[in-house]
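**Q** heads up, no residue letters with this:
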């Protein structure tokens, strides 16, 4: 669970689904309150959260006037520290980050590249153990729970799904890794399919929490 394997824009089909289906639907359903909350639930060193921020800035200009927050959590405190710094070596930015977006959203600082302040302001990173009592978190419109479930026992997976369900809006989406399924949580989520990518919607309204 602490191998911290991640990269920018990991699994392009997922980001295609976000751009073409999920985010447009969330903008439509949240247009009255103009808020968007996203949870990178196994954020590692932050590339996923910053990739989402780049996607929103690049393709959804209407969100510039919205209250948008991306929360990244991880069990590794050193990884969370790296995510907060938002500074990456060349090998890390060369994994999945297009050159055009590299020069647009990061600045070079010696041998490393640093995330632009605009993206950092959209993201915050916290420690959380998904198998334990979760910290105080808002209700999220989108939860990315990717490439972490395979490390859990079936019992722990059920516990994680219950926690995620409690923090997912009734109109929200949960997205897993390409090789993962929510078979342990069929009473909480139902699957939908788009762009060769599954996502999950809550079946029942989760417990109301502050946004």
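**A** Noted; the coordinates are in hand. Note that the structure is a prediction, hence the values are computed from the model and not measured.
**Q** So the spatially most central residue of the chain versus residue 100, what's the distance?
**A** Nearest to the mean C-alpha position of the chain, counting by C-alpha atoms, centre = their mean, stands residue 40 at 2.9 Å. According to C-beta to C-beta, to the nearest Å, residue 40 and residue 100 sit 23 Å apart. Every C-beta, even on glycine, is put in place using the N, C-alpha and C of the backbone.
**Q** re earlier: wait, isn't the residue nearest to the centre of the chain in contact with residue 71?
**A** Yes - contact criterion C-beta atoms under 8 Å: residue 40 and residue 71 qualify, at 7.1 Å.
**Q** okay, and the common contacts of these two?
**A** residue 49 (C-beta atoms under 8 Å, 6 or more residues apart in numbering).
**Q** Run me through the strand neighbours of the helix or strand of the chain with the lowest mean pLDDT, direction for each.
**A** Across the helices and strands of the chain, mean pLDDT, DSSP states H and E gives its lowest value to strand 189-194, namely a mean of 86. Strand 189-194 sits in its sheet next to strand 197-202 (antiparallel), going by DSSP bridges.
**Q** Tell me which stretches of this protein form strands.
**A** All strands of the chain, identified by DSSP state E, fall at 35-40, 67-74, 87-89, 106-109, 112-115, 123-127, 140-145, 168-176, 189-194, 197-202.
**Q** Could you tell me how far the fourth one lies from the centre of the chain?
**A** Yep, that's strand 106-109 we're talking about. Between the centre of strand 106-109 and the centre of its chain there are 23 Å (C-alpha atoms, centre = their mean, to the nearest Å).
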